[in-house]
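1. model the following, please.
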Amino acid sequence: MAHRLAPEGWIFVIPFVILAAAALLIQWYVAALAFFAVAAFLAAFFRDPQRRGSERHVDVLSPADGTVVLVKEIADGEIWPGLTRQVSILMSVFDVPVNRAPIAGKIVHYSSAAEHNLVVMRDSRGAMVAFKQIAGLLARRLVFDKKEGDEVARGERVGMIKFGSRVDVFFPALAQILVKPGDKPKVGLTVIAEIPE
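-> Now for the predicted structure:
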């Protein structure tokens, strides 16, 4: 499985590498070790592994790494018309921060508020799935790389949440949810639901 550093990570990693190198030059070995340790942690945090999940059009991939903390029914229209089931995935600072498209299709709605982004997608069959990026105490910046009208592939990178938070995923009533609280889905790899024909 290929690993790379998400582009957003370089701005955090490079300063600590420079500080570590400078500390080495002036023989501040303890400081150099500390700076290298921070750089290594940030490089590990901002990892963006290349994963290839299911290509079955009925499968919905996890848009986030983390732990499933909630599976519940919601009122029709609470988030989007026709979406009545919710799965919430809590992302820690140790999870991959990148978010990926749960299905292949078109982004039919995107909205951004102070602490969350809502993305609604429709696949070629007309099936709808939405997900919400939610900022936590440490995650002060949400990144979304796409816009309304974009066509995205299943598992394609669509954004990230820096330093842990939560992603809520919303499904139509006929979706079969395949995860339960305590499960640890992998972004772009784990099938968390099926939406039958």
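2. helix/strand/coil for the nearest residue to residue 174 once chain neighbours are set aside?
-> The spatial neighbour of residue 174 that comes closest, neighbours along the chain excluded (C-beta to C-beta, 6 or more residues apart in numbering), is residue 196 at 6.3 Å. C-beta coordinates here come from the backbone N, C-alpha and C atoms, glycine included. Using DSSP: H, G, I helix; E, B strand; the rest coil, the structure places residue 196 in coil.
3. swap in residue 14?
-> helix.
4. show me the contacts for the spatially closest residue to residue 173 that is not a sequence neighbour.
-> Nearest residue to residue 173 in three dimensions, chain neighbours excluded: residue 84, at 4.8 Å (C-beta to C-beta, 6+ apart). Residues in contact with residue 84, defined by C-beta atoms under 8 Å, 6 or more residues apart in numbering, are 73, 74, 75, 76, 171, 172, 173.
5. adding secondary structure, neighbour count and pLDDT, write the residues you listed out as JSON lines.
-> Listed next are the contacts of residue 84 as JSON lines, based on DSSP: H, G, I helix; E, B strand; the rest coil; neighbours: other C-beta atoms under 10 Å; pLDDT from 0 to 100:
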{"residue": "73", "secondary structure": "strand", "neighbour count": "9", "pLDDT": "97"}
{"residue": "74", "secondary structure": "coil", "neighbour count": "14", "pLDDT": "97"}
{"residue": "75", "secondary structure": "coil", "neighbour count": "8", "pLDDT": "97"}
{"residue": "76", "secondary structure": "coil", "neighbour count": "13", "pLDDT": "96"}
{"residue": "171", "secondary structure": "strand", "neighbour count": "25", "pLDDT": "97"}
{"residue": "172", "secondary structure": "strand", "neighbour count": "17", "pLDDT": "97"}
{"residue": "173", "secondary structure": "coil", "neighbour count": "10", "pLDDT": "96"}
